Structures are given as structure tokens and as C-alpha cells.
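J.: Need the 3D shape of this:
(chains A and B, ligands or ions: 2)
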Amino acid sequence: MAKVLIVAEHRDGKLKKSTFELVGASAAAGNETHVALLGEGVADLAKELGTYGANKVHIAQNAALKLYSAEAYTAVLADLAKTISPDVILASHTPTGRDFMPRLARRLEVGLASDCVTLAFEGSGIKVRRPVYSGKATAEVEFLGAGPRLATIRANALGVGKPDAGKSAESITVTANVGDLKSKTLEVVKGASARPDVTEAAIVVSGGRALKSADNFKIIEGLADVLGAAVGASRAAVDAGYRPHRDQVGQTGKVVSPALYIACGISGAIQHLAGMRTSKTIVAINTAPEAPIYQIADYGVVSDLFAIVPLLTEDFKKIKEH
Amino acid sequence: MNIYVCIKQVPDTETKIKLNGDSSGIDTAGIKWILSPYDELAVEEALRLKEKNAGSTVTVISAGPTRVVEAIRTALAMGCDNAIHVEIPENADNNYSAKALAGALKKEAKVDIVFAGKEAIDDGAAQTSQLVAEYFGMPCVTVVLGIEYGASSLKCKREVEGGAFEMVETALPALVAAQKGLNEPRYASLPNIMKAKKKEVKGLKAADVGVSDGDQKIKYKNFQLPPPKAAGKKIAGDPAAQAKELVRALHEEAKVV
Ligand SMILES: Cc1cc2nc3c(=O)[nH]c(=O)nc-3n(C[C@H](O)[C@H](O)[C@H](O)COP(=O)(O)OP(=O)(O)OC[C@H]3O[C@@H](n4cnc5c(N)ncnc54)[C@H](O)[C@@H]3O)c2cc1C
Ligand SMILES: Nc1ncnc2c1ncn2[C@@H]1O[C@H](COP(=O)(O)O)[C@@H](O)[C@H]1O
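T.: Ligands and ions are numbered 1, 2, ... in the order given. Next up, the predicted model:
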């Protein structure tokens, strides 16, 4: 059993699913599970953390924590870590978690295993594996020296357990000493899209060069919306201006591991595979039977995407309506 | 301005990764090495800043074994003025590398701004920038795809999830880690490639920058290649039949929808 500290992440007053993955995994392993909840006006979120198995929620509130601040987060978390001396500190490998965890590691003078895709608790430590060379291989991370074990875990890698309304956590108020800040988040400019982010979505529908225009991506969006999925793209589609770079999946884009990845009109270049090969189920839709994408597809559909994608959208709609 | 860029040399994106004999790492034989793609953006941003501020210099720094000097030459050919190579072991971790880079920066007379990539495409760790900034004692903004330069501060557009941005203001000196979209990196011209070959690369050893074995905090071991995938199921028929069968399979077999 380990004493585990998980850094909760929230946006727009809602906790992230990836936080529940971490809390659930720690609790399921029988650990003493602590959560750090930083922000302003966030105390109410502690209840939900309890239902996923958190034992204690340490709530640090300060105006300087209202928007994510790398320096303020690092200062508060370093103080908290010194107070409760956890064996393990975990955060999600999100734009937030990946940003502050290296700084925290430095403050605590320990190493950090970032972007891990497996996590096991062993004694008071952890065993983690992470992709290297953009998923062309994986490696286990050995922590050298003493001190807490720090890791960031890729979203969707662990899966979310079922909350238990009967469970609750103890809330503890923590003083938030943010220190002198040299940088400051002025504002968060919202994205125009209501769709989930490619790195967080449980389902990703991606389109490639074969889409031929930004406008044609509407059929990909149609399928994505029925499935509650994110829209991804190959680099060829991004370079052609069909999609913004933030949707690019691959070695120089996002690395995703959803439960379902549907590749439409994507050939399956090595750099694209690097970004999606850890997806649990892969569907390839391509007119060329010899396209390399079929080598990693669980389901291969040799077909014109313009014919089949609208049909899929209709058929999934029927299932969703049941 | 005294502008610095941290660059890493990584295997080309086309590389087929093979493991070494005892799976303690990869087989580096025959690998073609390149400047990590996000670091090209960092170099480009440094050069553009220099071009806007007469009298500035851009110094490129890389930590690694001797092979990385080749990547340094690429950055020099793009237009960097000076170069520093800190010689550290092949398998140095992010902490060791960052302490070495910060140590080299601390030896410089004045550092106004440091650019790096959002992540290196070999380890994809996204740690080194923040660690360098911590060791040096300066703020750091990561995943930046837009910068407004002020007299003693910067306003950075930082990409977060869901297509949203954080607008982050930071004092200088600061480290900025570049994301695609920040700029379009230039190609090195032939004359610049020739000139870059003759430029001096200042060499530093681990001991010169205060790093030692104890600064290694993690180690990668037991490398594995992704397990070969069992042949997938081909779904035949006309599009309507294919669609029906795929929906059924995803719903009933894979249970993902
Ligand atoms: C340094 C570097 C980094 C890179 N990083 C990335 C990265 O991060 N992500 C990435 O994706 N790529 C990346 N690439 C690019 C990569 O090498 C490929 O060029 C790219 O992935 C190809 O995109 P695509 O599959 O959409 O296009 P193509 O390779 O042109 O494939 C289009 C596919 O669509 C099929 N098709 C055509 N019409 C139809 C139709 N009507 N219905 C169904 N199928 C159809 C074709 O058979 C073909 O297989 C990188 C390259 C380099 C050099
Ligand atoms: N050994 C190194 N030498 C110089 N810069 C580095 C080195 N390692 C990482 N960097 C810089 O830090 C960024 C992030 O790297 P990483 O933490 O490995 O993902 C890279 O894009 C480089 O700009």
C-alpha cells in the first residue's frame, strides 16, 4: 500500500475524466488516496472525488489559482508534498499536468516518468511503462534514488471506474502560498468547437488527404457527432488546410489512445501510426486494399469513404436511439 | 538581445526502431539523425527575434554525445551565430540534461530569452524546458504558438485542450517552448551550410557545468516493441452491407459503441 497524492484537474467548474481514472486506479489498489484540489471556488468538487474513492481532498484556494498558473501550482504542490510526504504523486499527462509536474519534480529533487500508459502499484512504489520514439517502442521507467515517485499518465490509459455515491472523502483546507509570480495567465480563450479534444475523447474519427477539402470534413464531423467523438486528421489533411494543427494525430501531432479510432482515407504512414497505434480498437476505411493502415486495423473496410461514412452515421444513429 | 535555443538531435521520423540485444535501449546503428521538428520552430523564432532587434546574437545549445554536433551545424546553417555543445552520456535523463543546459546558460554573460521545442520526438517527455527554467531560475511557458514581444515581458498564446488557449504574460528572461503554428521554419541555404561547417562550436564537459551521476533520476529499461497485431477482420460487401456489419461488430464484438 502506498500513500498516493493525485493532482486533480478541472476546467469550467468540472473535474476531468482523467482525474477520475487516477483516483479510481489508486483507490482500487487499496492505497491511501489523497487528492490536491487547487483553484478558486472549487471546494464543492471534493464530493465527486470522494465517490471515485479519494480518502482525503486537500483544497487550496487562492485568486492566483483561479486560472492555471505553472508557478503557483508548483509552489502550492511542493508545500503540500512536504506536509503529507506521499510515496507517489500522479497527474494526468494533459496540457496542465505535463506543464507543472517537471517543475514539481525539480522542487522535490526527484525524477518524473511522463506520459505513462501503464501504471501498477507495487509496495510503496509504482511500476510504469511509457512510449518512446512516439510509440514505436515502450520502456519501463526505473526511479533512481530516494523520494516520492512522480508520474504523469496519458488520458484514457487506465479507464474510469464506476463512482459510488455512498463513498465520501474528508476535505482539508490548505493555505495556498503561491509566492512571487513572474508569469501570469491573463485569460483563457475558449475554442470554437464543442467536440471533445482528440487526446481526451473515447472515440476519434480521423480523416486524411482523401477528404479533398475542409468542407468535406463535414461528413467526418457528422459521424463524430453521432458517436460523441473527437475529429482527428492526418498531417496531409492539416498541411492542405482542411483541419487545424491541433487535430493532427501522429509523431508531430497528438498521440491518442481512445477505445475506438476510425481512420478514413488515411494511408497509415509510420508517423501517423506513431500517434494512434495504442488505440484499443482501430477501424480503417480506405479504397486501396494494400494501404499500410490495414496492418494495424482490427476492422478493415475497403470502401469509398464518401459512400460508407454517411451510411455508418445513419446506422450508428439508430443504435444510439435505442 | 542575447537569445538562446536548446536543440535535441533525434532519430528521423521514418526510422524503424529496433531494440538492442538485451532490450536495455534501441539499436542506434544505421539511424539517420535529425534536428527534432519542434526545435526547428524554436530556432526559427530565435532568428526572427534577432532580425527584429539589431545587434542580437543567437546561440544554439545541445547536450548529448558527439553526434549531436551535426544537429548543431544544422541550426548554425539556418542562421544561428554561436554554438555550445555540452558533452553528456547517450542515456542521460531529462533532469541530467536540463541541469547541464542550465549550467551552460549560467556561464553566459547575459541571457534574455531561451527557446526550446514543446517536446523532443524521441522521448516525448515534455520535461526538459521546464527543468532548464527551474534550474536557471526563470519562468517558462510551454506549447506556445504565438508570441507578442514587449520591452521586458512577453505575451504567449499557449495551446490547451479542446482548441482553447491560455494567454500567459511572463517577465524576461524566460524560456518559451514552441508548438507547431508558431512559425514556418526556414531552410538552410547552401552558402550558409558551407559557412556553418567552419563555425566554432564551444565544447563543455559535464564537470564544467556541474552535473554528475547523481543527477540522473530515472532510467529506461526493458524496452519492448509494440506486440504484432493479429490480422484484422476484413469486412466485405457493398457499402450498405459493410456499414451494417461494421456497426454490428463495434457494438456487439468490440463493445466500443
Ligand atoms: C517529419 C515528419 C513528421 C510527420 N508527422 C506526421 C504526423 O504527425 N501525422 C501524420 O499523419 N503524418 C505525419 N507525417 C506525414 C506522413 O509521412 C504522411 O505523408 C501522411 O500521414 C499522409 O497522410 P494521408 O494518409 O492523409 O495521405 P495519403 O498518404 O495520401 O493517403 C490517402 C489515403 O486515402 C485513400 N483514399 C483516397 N481516396 C479515398 C476515398 N474516396 N475513400 C477512402 N480512401 C481513399 C488512399 O488510398 C490513401 O491510402 C510526417 C512526415 C514527416 C516527414
Ligand atoms: N539534450 C538536449 N540538449 C538540448 N536541448 C534539449 C535536450 N533535451 C531536450 N531539449 C530541449 O527540450 C525540449 C523538450 O524535450 P523533452 O523534454 O525531451 O521532450 C526539446 O524540444 C529541446 O528544445
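
J.: ok, B:Glu161 to B:Ile121 distance?
T.: B:Glu161 is 20 Å from B:Ile121, where distance means CB to CB, to the nearest Å. Quick note: C-beta positions are derived from backbone N, CA and C, even for glycine.

J.: Buried residues of stretch B:19-33, list them for me.
T.: Using 16 or more other CB atoms under 10 Å in any protein chain shown as the test for burial, stretch B:19-33 gives B:19, B:25-26, B:31, B:33.

J.: How about stretch A:123-134?
T.: By neighbour count with 16+ other CB under 10 Å, stretch A:123-134 contains the buried residues A:126-134.

J.: quick one: it near chain B?
T.: Yes: judged by CB under 8 Å from any CB of the partner chain, stretch A:123-134 comes into contact with chain B at A:129, A:131-134.

J.: taking the residues you listed one by one, which sit in helices?
T.: Using DSSP state H, the subset of the residues of stretch A:123-134 next to chain B located in helices is empty.

J.: now, which of these sits nearest chain B?
T.: A:Tyr133 (4.9 Å; CB to the nearest CB).

J.: Could you report the distance from that closest one to A:Ser206?
T.: 21 Å.

J.: Check which element follows the host helix or strand of A:Leu273 along the chain.
T.: For A:Leu273, the host element (DSSP states H and E) is helix A:270-276. The helix or strand immediately downstream of helix A:270-276 is strand A:281-286, counting by DSSP H and E.

J.: Next SSE downstream of that next one?
T.: Using DSSP H and E, the next helix or strand after strand A:281-286 towards the C-terminus is strand A:299-302.

J.: Run through the stretch 151-300 of chain A and note the low-pLDDT ranges.
T.: Regions of the stretch 151-300 of chain A meeting the criterion pLDDT under 70 are absent.

J.: Likewise for chain B?
T.: The low-confidence ranges in chain B, as defined by pLDDT under 70, are absent entirely.

J.: Look up how far ligand 1 lies from the closest residue to ligand 2 within it.
T.: At 2.5 Å from ligand 2, B:Gly117 is the closest residue in chain B, using CB to the nearest ligand atom. B:Gly117 is 13 Å from ligand 1, where distance means CB to the nearest ligand atom, to the nearest Å.

J.: From what I see, that residue and B:Glu44 are in contact.
T.: No: checked against CB atoms under 8 Å, the pair B:Gly117 and B:Glu44 is beyond contact range at 11.1 Å.

J.: what about those two, which has more around it?
T.: Using other CB atoms under 10 Å in any protein chain shown as the criterion, B:Gly117 and B:Glu44 rank with B:Gly117 on top: 28 against 20.

J.: Once you drop chain neighbours, what's closest to the more buried one?
T.: B:Tyr38 (3.0 Å; CB to CB, 6 or more residues apart in numbering or on different chains).

J.: so that neighbour is in which element?
T.: B:Tyr38 belongs to helix B:37-52, assigned by DSSP H and E.

J.: who touches that helix?
T.: A:252, B:1, B:3-8, B:13, B:35, B:56-58, B:60, B:75, B:78-80, B:113, B:115-121, B:147, B:149, B:176-180, B:182-186 (CB atoms under 8 Å, 6 or more residues apart in numbering or on different chains).

J.: now do 6 Å
T.: With contacts defined as CB atoms under 6 Å, 6 or more residues apart in numbering or on different chains, helix B:37-52 is touched by A:252, B:3, B:5, B:7, B:56, B:58, B:75, B:78-79, B:115-118, B:178, B:182-183, B:185.

J.: And for stretch B:54-67?
T.: B:1, B:3-7, B:46, B:50, B:68, B:72, B:75, B:80-86, B:88, B:90, B:97, B:100-101, B:104.
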